[in-house]
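>>> just coords:
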């Protein structure tokens, strides 16, 4: 693979020369990861700016390490406020946190100092029913669209995104305020589930905050440039029905891309209460694209989703590239159809093919 440096005809390999931050017309804004002393999930994300279009892109890494495999297997559900996108404690759990003085920032500081002892991942998550919002949400503006109630999400996926949330908020907000544009949120596999969580979070907190700041400082024209899309590839299911309904309202421009047969897109199973979000786009080996296939189409036109190799990133790239072949001239298309139906002669008057042009 080659990456073309924006504004330069020189092509570089994927390993860019020292000091270079350009790849395929994109500038690397920031690499985001959990701190080494508190790396619970091995979560990783990268933020790019495509200089040609002005699009800001955040991409989440898929499953690659042992910690990430364990994250995938944390299928227990955590209750989350659909308004603040913070976890919700039971009265018993809240009492424990008060008695033990559980404050995520203080625990993380002790982890940095090496004095924390054994830490529960749950104690590193901010709570909706704490006395105050976490520092990184103070001063932000929430979306005007009311989304109340609670949804249940996959603990591993939600927690792994939450560990990056503070950094993501600052980086995306700063970039969009500096240069308004479209935000693209994407990820493959585990990264797809994290991208789904991120897109909902951005829609609730960051996009409204950016628009408000731009409206005050640069005017309506600048604020109107800000929008968001979410693209996931081979994403597992993130949450239940209540989260699905809230997500589809908050992030209507979501494309959930599937390589036909990908087994990971069937996990976690529906019988555990997990469902998908957004518009489903299935690419098959012929380059055909089927949007939101019906049950009958899934049964008879699509492959059974039991194929692990279909989940590989390289196979996603191949399937999508097949869908972008040059448009075939009409004569060539008609010749192909005639050949498929066994007609190889000249079209005569009165013949089925005559006048088909």
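That came in fine, so what should we check first? Please read these numbers as outputs of a predicted model, since none were measured by experiment.
>>> any weak-confidence spans in this structure?
Where the chain drops to pLDDT under 70, the residues are 1-24, 130-131, 325-328, 333, 336-337, 340-357.
>>> rerun at 50
With pLDDT under 50 as the threshold, the chain has low-confidence stretches at 1-22, 353-357.
>>> okay, which residue is most central for it?
For the chain, the residue nearest the mean C-alpha position is residue 195 (2.5 Å; CA atoms, centre = their mean).
>>> In which helix or strand does it reside?
helix 190-201 (DSSP states H and E).
>>> Which SSE is immediately downstream of that helix?
Next in sequence after helix 190-201, counting helices and strands by DSSP H and E, comes helix 207-217.
>>> thinking again about what came up before, run through the residues that contact the closest residue to the residue nearest to the centre of the chain other than its chain neighbours.
Excluding the flanking residues, the one nearest residue 195 by CB to CB, 6 or more residues apart in numbering is residue 187, at 3.5 Å. The way it works is simple: take the backbone N, C-alpha and C, and place the C-beta from them, glycine included. Counting by CB atoms under 8 Å, 6 or more residues apart in numbering, residue 187 touches 45, 59, 60, 61, 62, 193, 194, 195, 232, 233, 235.
>>> mind running it again at 6 Å?
59, 60, 194, 195, 232 (CB atoms under 6 Å, 6 or more residues apart in numbering).
>>> can you give me phi and psi for the last one?
Phi and psi for residue 232, reported as degrees, to the nearest 10, are phi -120, psi 150.
>>> Is it in contact with residue 197, as I believe?
No - using CB atoms under 6 Å, residue 232 is not in contact with residue 197; the gap is 10.7 Å.
>>> Please enumerate the helices of the stretch 151-300 of the chain.
With helices called from DSSP state H, counting those that start in this stretch, the stretch 151-300 of the chain shows them at 155-162, 165-178, 190-201, 207-217, 220-224, 241-250, 295-300.
>>> rewinding a little: let me have the contacts of residue 187 in CSV, adding distance to residue 152 as columns.
Shown next, in CSV, are these (distance: CB to CB, whole Å):
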residue, distance to residue 152
59, 26
60, 21
194, 17
195, 19
232, 19
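>>> which of those count as buried?
Neighbour counting by 16 or more other CB atoms under 10 Å classes 59, 60, 194, 195, 232 among these as buried.
>>> Going by distance to residue 117, which of those residues wins?
residue 194 (27.9 Å; CB to CB).
>>> The residue nearest to residue 195 and residue 240: what is the separation?
Applying CB to CB, to the nearest Å, the value for residue 187 to residue 240 is 20 Å.
>>> which residue sits closest to residue 273 in space, ignoring its chain neighbours?
residue 240 (4.9 Å).
>>> So which of the helices of the stretch 151-300 of the chain is the most surrounded?
helix 190-201 (a mean of 28; mean count of other CB atoms under 10 Å).
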